[in-house]
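Visitor: Prediction below, plus the sequence it came from.
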Amino acid sequence: MRPCTVLFLPIFTSLSAATTTTTSSVSPSPTLVPDEPVIFDAKFFTANANCNWTTGGVRVFIYGWGSCQNIAVPGTGSALLSWNQWPNNLTLTGWTETNCKGRAVPFGSTIRRCVPLNGTAIASWSDYLVN
């Protein structure tokens, strides 16, 4: 005859005991803050001057009032403004140095128009506020 193995399962005498046991190791989740809506979006093409998606080298810039993003694009590349909710107020601007310094190279506020860099290497980009 084989010996019998008995499993011990704890039986809770009250629902509060079960709840206390199962939730004691759960930490509260952080407060989530939603992102601001996108109002300005540009694509940069590091591998070509004609905004061709198939050659790769695509980088993305997404809006922030006066924001500056260090995204290097060689002078053989191109830029395409994909979305501009405020075309009278915001224009895509490239900068020859990081942190939006150096010479400003305005690309305009027209969406879906490919702009080749024509030999000017861009080190950073901003959505420049037009006065």
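Guide: Here it is on my side, so go on. Computed from a predicted structure; not experimentally measured.
Visitor: Toward the C-terminus, what is the element adjacent to the helix or strand of the chain with the lowest mean pLDDT?
Guide: With mean pLDDT, DSSP states H and E as the measure, the helix or strand of the chain carrying the lowest mean pLDDT is helix 15-23 (a mean of 50). The helix or strand immediately downstream of helix 15-23 is strand 40-45, counting by DSSP states H and E.
Visitor: name the helices or strands packed onto that following strand?
Guide: Counting contacts by 3 or more CB pairs under 8 Å, 6 or more residues apart in numbering; DSSP states H and E, strand 40-45 packs against strand 58-62, strand 78-84, strand 90-97, strand 124-129. Where C-beta positions appear, they are placed from N, C-alpha and C, glycine not excepted.
Visitor: Thr96 is in contact with Arg103, correct?
Guide: Yes: counting by CB atoms under 8 Å, Thr96 is a contact partner of Arg103 at 4.5 Å.
Visitor: These two: which has the busier surroundings?
Guide: Legend: neighbour count by other CB atoms under 10 Å for Arg103 and Thr96, higher for Thr96 (15 against 10).
Visitor: so who does the more buried one touch?
Guide: If you count contacts by CB atoms under 8 Å, 6 or more residues apart in numbering, Thr96 has them with 102-103, 105, 120-123.
Visitor: Quick check, pLDDT for it.
Guide: According to the prediction, Thr96 has pLDDT 96.
Visitor: remind me which residues of this structure are low pLDDT?
Guide: 1-29, 33-38, 63-66, 128-131 (pLDDT under 70).
Visitor: please redo it, this time with the cut-off set to 50
Guide: Along the chain, the parts satisfying pLDDT under 50 run over 7-9, 12, 15, 21.
Visitor: burial of the residue nearest to Gly94 when sequence neighbours are not counted, as a residue count?
Guide: Leaving aside its sequence neighbours, Gly94 sits nearest to Ile122 (CB to CB, 6 or more residues apart in numbering; 3.7 Å). Neighbour count for Ile122, taken as other CB under 10 Å: 23.
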